[in-house]
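**Student:** Using only what follows, build the 3D model:
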Amino acid sequence: MRTRRPAASLIAASAVAALIPALAPTTATAADTAGAPRAATQQQFAPQKLNWKRCDPDAPAAFQCATVRVPLDYSRPQGKKLDIAISRIKASAPDQRRGVLLLNPGGPGGAGLDMPVYMSEQLPKSVKSRYDLIGFDPRGVGQSAPVTCGLSYEEQVTDHPYKAATFPSDVRWARTVAKKCATRNGTKLPHLTTRNTARDMDAIRAALGEKKVSYLGYSYGTYLGAVYAQMFPARADRFVLDSAVDPQRIWRGMIQIWAEGAEPAFDRWTRWTAERDAKYKLGRTAREVRGTFWKLVARADRDPIVIDGQKITGDDIRAGRAVFFSVREAAEAVVELKKAADGGKPRLARLPDILKPAAPPTFGRAAAAEDNGTAAFWSVVCADTRNWPRDPETYRRDAIRDKAKYPLYGDFASNITPCAFWGKGSEPATKVNNRVPSLILQNEWDSQTPLPSGVGAHRAMKGSRMVTVAGGEGHGIYGSGSCADKTATTYLTTGKLPAKDLTCKAPEPKLQKSVRLPSPAAAPTAGR
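**Tutor:** Prediction:
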């Protein structure tokens, strides 16, 4: 999910070969029809002849791309089609090959086409020897029929603090984004959903000639994996869900959980920083550290802090709530902000990205539009579920309530979004309650999917086991060198889940290595 400013995509665009595959509709699966409108059912696909080509002259020769053609509307399989861009790096040991490992980086709005390249640098050899690594851009993203709403740079900013004076302009922003997206995309929008992306994954499986797929999804990718497992339980092999979304909180609840999770993270930071007052000089007790921070916020609201010509308000500081999930990074950031407020020159490297001087986003040379990540994010988040409030006054009341309850970020999380004015998706949200075996990995201090979110996913995925990294900071675990890596590798290579849930301990908080994931303009993580 996303930050205050539109972030530049870190994924280089790849050239993809065009194909004309054949479709052959047959009977829907029982798993897919359960709880869904009869018309919106998954169609079986005849094998598609994939025209694999080198993705880009500058990319590794082993990195190949193709397209899979799917219906825009699965209830009308002979209607309009979409081309889904896919990629692969084949298993390094064909004699040990088990199958394919589909990859998703999060979002919604995260492009995954390049994931086989950079994940091949992070995954252990034992995994790469057994699986073809399969990347894909989800429908509406990157090279897969990308959606655009023609949004300006300012219209892509999603963090809006609640103030009575500015609430009418927040409502206008939300209405404008929804209207622009509807005008630009019309009948396409209702079908940009997680359920349809899961169906696209199954079309990819069929096109690859596989009976089952294994899967590694991060952040939003965990929800996509859970929905696939719910719809196609017999086709899910080994599923690793890293930094998990709670399926019961789709989607407003998953934005609000950022505020809920930020408060205990902030409290932990005040205690940790007070114990190191000799170094940071922000207060000798947690109460003093808390007071220093809120005085800085109030001061910046009265007189914005100027850093490299950019004005930083107290609301800007609060919008950077994710920094408090990393205690060392947060302490250094507050020290630098305080230095700047006192007229000193801060070290920009110690500031979180959200507080650094902004520049318009840059994108890969083949990107469809600068707002693709943001447009894809709202398209999925708004169309996935029908439980978004429609009355702006509901958002006003909730923002006032949650600002008092969660001072750091509560009003941001509960303020109005374009979903208040969005059209309905093609189906209701998926109820996840399956027993498909899977492995959930969760850091204790994850800013985008806080620990209660991972616990909720574990509760919904009744066949899952969960590995919690106690003291673990950051969003994205597998491939980072975490203590959870060994369990995930064992599961992917042998199929053996732990006999019970596990907890392992992270090292002392520091600027830890993170899994390399894209930062789409829409993602927290999410992705986004």
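
**Student:** how about the strands of the chain, start to end?
**Tutor:** 53-54, 64-71, 81-89, 99-104, 131-136, 213-218, 236-242, 305-307, 310-312, 438-445, 464-473, 502-505 (DSSP state E).

**Student:** The shortest one packs against which elements?
**Tutor:** Using 3 or more Cβ pairs under 8 Å, 6 or more residues apart in numbering; DSSP states H and E as the contact definition, the elements that strand 53-54 packs against are strand 64-71. Where you see a C-beta, it was placed from the backbone N, CA and C, and this is true even at glycine.

**Student:** quick one on the thing from earlier: just tell me which of the strands of the chain ends up closest to P47.
**Tutor:** strand 64-71 (11.0 Å; Cβ to Cβ).

**Student:** Give me the sheet partners of the closest one and which way each runs.
**Tutor:** Paired neighbours of strand 64-71 in the sheet (DSSP bridges): strand 53-54 (antiparallel), strand 81-89 (antiparallel).

**Student:** separation between F421 and W173?
**Tutor:** Going from F421 to W173 by Cβ to Cβ, to the nearest Å gives 11 Å.

**Student:** err, L224, not the other one
**Tutor:** 28 Å.

**Student:** quick one, which of those two is more surrounded?
**Tutor:** Between L224 and W173, L224 has the larger neighbour count (other Cβ atoms under 10 Å), namely 26 against 19.

**Student:** Touching, the more buried one and N196? I think so.
**Tutor:** No - the criterion here is Cβ atoms under 8 Å, and L224 misses it with N196 at 10.7 Å.

**Student:** Format the strands of the chain as a markdown table; extra columns: mean neighbour count.
**Tutor:** Listed next are the strands of the chain as a markdown table, based on neighbours: other Cβ atoms under 10 Å:
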| stretch | mean neighbour count |
| --- | --- |
| strand 53-54 | 14 |
| strand 64-71 | 24 |
| strand 81-89 | 23 |
| strand 99-104 | 25 |
| strand 131-136 | 26 |
| strand 213-218 | 27 |
| strand 236-242 | 26 |
| strand 305-307 | 19 |
| strand 310-312 | 15 |
| strand 438-445 | 25 |
| strand 464-473 | 21 |
| strand 502-505 | 14 |
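
**Student:** can I get the ones you listed in TSV with mean pLDDT and distance to K431?
**Tutor:** Listed next are the strands of the chain as TSV, based on pLDDT from 0 to 100; distance: least, Cβ to Cβ, whole Å:
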stretch	mean pLDDT	distance to K431
strand 53-54	96	40
strand 64-71	97	24
strand 81-89	98	26
strand 99-104	98	21
strand 131-136	98	25
strand 213-218	98	19
strand 236-242	98	17
strand 305-307	92	46
strand 310-312	91	43
strand 438-445	98	17
strand 464-473	97	16
strand 502-505	97	27
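
**Student:** would CSV of the ones you listed with distance to Y395 be doable?
**Tutor:** What follows is the strands of the chain, written out as CSV (distance: least, Cβ to Cβ, whole Å):
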stretch, distance to Y395
strand 53-54, 48
strand 64-71, 35
strand 81-89, 33
strand 99-104, 30
strand 131-136, 34
strand 213-218, 29
strand 236-242, 30
strand 305-307, 29
strand 310-312, 26
strand 438-445, 28
strand 464-473, 31
strand 502-505, 38
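
**Student:** which stretch among the ones you listed comes nearest E154?
**Tutor:** That would be strand 310-312 among these, by Cβ to Cβ, at 14.7 Å.

**Student:** helices or strands up against that closest one?
**Tutor:** Applying 3+ Cβ pairs under 8 Å, 6+ apart, we find strand 310-312 packed against strand 305-307.

**Student:** How far away from the center of its chain is the strand it packs on?
**Tutor:** 30 Å (Cα atoms, centre = their mean, to the nearest Å).

**Student:** Likewise for stretch 295-308?
**Tutor:** 30 Å.

**Student:** So what would you say the end-to-end distance of it is?
**Tutor:** 22 Å (Cα to Cα, to the nearest Å).

**Student:** Need the residues that contact it.
**Tutor:** Under the contact criterion Cβ atoms under 8 Å, 6 or more residues apart in numbering, stretch 295-308 has outside partners 311-318, 334, 337-338, 340-341, 346, 348, 351, 355-357.

**Student:** Filter the residues you listed down to the buried ones.
**Tutor:** Neighbour-count burial (16 or more other Cβ atoms under 10 Å) is assigned, among the contacts of stretch 295-308, to 312-318, 334, 337-338, 340-341, 346, 351, 355-356.

**Student:** with those residues in mind, which one is nearest to K53?
**Tutor:** The closest of the buried ones among the contacts of stretch 295-308 to K53 turns out to be K356 (Cβ to Cβ; 38.8 Å).

**Student:** returning to that earlier point: show me the contacts of stretch 295-308 that map onto helices.
**Tutor:** Counting by DSSP state H, these place 314-318, 334, 337-338, 340-341 in helices.

**Student:** And those, which is closest to S453?
**Tutor:** R318 (20.8 Å).

**Student:** Not counting sequence-adjacent ones, nearest residue to that closest one?
**Tutor:** Take R318 and drop its neighbours on the chain: the residue closest to it by Cβ to Cβ, 6 or more residues apart in numbering is L408, 5.7 Å away.
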